[in-house]
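In: Sharing a model that was predicted from the sequence below.
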Amino acid sequence: MMSDAHADVSKHVKSYMAVFATLAVLTVVTVLAAQVDISSWGNISLALAIASVKASLVAAIFMHLKWERTAWVWFALLLCAVFLVVLMAVPTLSMVDSPPGVKIGTWG
């Protein structure tokens, strides 16, 4: 009975170490991607894509959401994702509504 528990913990530790290694590699990729100038939107999109993969790994493995079967948890995650998209869209939409001749993003 005790060896089964040890094997189960050992399996989780291996997945934690794999996720840690992946997060470390993706952090290096993020730093290297910041050095490359694609375009303003290209750099932002690449950084958000890498961050999304890293956040998904943390949520799935470290927060044990990979093994979650309750629909309410997935509904809450979907609601948070929709809210994030709305919050990201608000500054973009406010830039479109500015009067002509006004410089966006300057203080003076």
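Out: Arrived safely, thanks for sending. Residues are numbered from 1 along each chain as shown.
In: hmm, who's touching stretch 51-69?
Out: 15-16, 19, 22-23, 26-27, 30, 73-74, 77 (CB atoms under 8 Å, 6 or more residues apart in numbering). Any C-beta I mention is one placed from the backbone N, CA and C, and that applies to glycine too.
In: Please disregard the earlier target; I meant stretch 42-49.
Out: 30, 33-34, 36-38.
In: Now which of the residues you listed would you call buried?
Out: residue 33 (16 or more other CB atoms under 10 Å).
In: how about the contacts of stretch 42-49 in CSV, adding distance to residue 88, secondary structure and pLDDT?
Out: Output for those, formatted as CSV (distance: CB to CB, whole Å; DSSP: H, G, I helix; E, B strand; the rest coil; pLDDT from 0 to 100):
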residue, distance to residue 88, secondary structure, pLDDT
30, 19, helix, 92
33, 19, helix, 89
34, 19, helix, 88
36, 23, coil, 88
37, 22, coil, 86
38, 19, coil, 85
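In: what are the ranges of the helices in this structure?
Out: Under the criterion DSSP state H, helices of the chain are mapped to 2-35, 40-57, 71-96.
In: Out of those helices, which is the most enclosed?
Out: With neighbours taken as mean count of other CB atoms under 10 Å, these reach their highest mean count in helix 40-57, at a mean of 12.
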